[in-house]
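Trainee: Fold the following for me, if possible:
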Amino acid sequence: MRTLRHLVTAYFMFLMMIASAHADEPRTVAIYKQHTQSPDHKKGNFDHLTHHMLYLSGVADAYKIMNIRRTAADGHPLYCQPFDVSLNGNDYIRILDLSLNHPEAPLPDDMTVAEALLLALQEEFPCK
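Mentor: Take a look at the predicted model:
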């Protein structure tokens, strides 16, 4: 079982590296915000939207695995998503966009999108 977890973790990390290796620019909050204002993004193209959903889902999957491993080792989870709540790519886009557009707590433009998603998940599902 432990070997399977290591393989799954390695697989997701590999997928994340491949996805980020093909990025033309660093995936920062500033670039993401600028991109969401582009005509390509506003058209709602299925392939374009799918790319965003897959990227954010991959990042969130890595965080889920980290949460499972931290909890199993009697550590504190990164965020506390209820077990009965299942999220998909659209949900991750919504959660991230809410956090990025929060007027009282803007995120730094040089923060990565992956870091911003983690903060957004922590805000959406705080641990008590």
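
Trainee: For the rest of this, base every contact and every neighbour count on C-alpha atoms.
Mentor: Will do.

Trainee: buried stuff in stretch 113-127?
Mentor: 113-114, 116-122, 124 (16 or more other C-alpha atoms under 10 Å).

Trainee: So, low pLDDT: which residues of the chain?
Mentor: Confidence mapping of the chain against pLDDT under 70 gives the ranges 1-2, 4, 6-8, 10-26.

Trainee: the helices in it, which residues?
Mentor: Ranges of helices in the chain, per DSSP state H, are 2-21, 29-36, 39-42, 46-72, 89-100, 113-124.

Trainee: Hmm, Leu96 is touching Glu124, no?
Mentor: No. With contacts counted by C-alpha atoms under 8 Å, Leu96 stays clear of Glu124, the gap being 9.7 Å.

Trainee: picking up where we left off before, and the buried residues of stretch 113-127 as TSV, adding distance to Glu104?
Mentor: As requested, these are exported to TSV (distance: C-alpha to C-alpha, whole Å):
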residue	distance to Glu104
Val113	19
Ala114	21
Ala116	15
Leu117	17
Leu118	18
Leu119	14
Ala120	14
Leu121	17
Gln122	16
Glu124	16
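
Trainee: With respect to Tyr63, which of the residues you listed is nearest?
Mentor: Comparing the buried residues of stretch 113-127 against Tyr63 with C-alpha to C-alpha places Leu118 closest, at 7.7 Å.

Trainee: Next one: Ala30 relative to Leu96, how far apart?
Mentor: Distance, Ala30 to Leu96, using C-alpha to C-alpha, to the nearest Å: 13 Å.

Trainee: Looking only at neighbour counts, state which of those two leads.
Mentor: Leu96 (22 against 17; other C-alpha atoms under 10 Å).

Trainee: which residues does the more buried one contact?
Mentor: 116-117, 120-121 (C-alpha atoms under 8 Å, 6 or more residues apart in numbering).

Trainee: how about 10 Å then?
Mentor: 56, 90, 102, 113-114, 116-121, 124 (C-alpha atoms under 10 Å, 6 or more residues apart in numbering).
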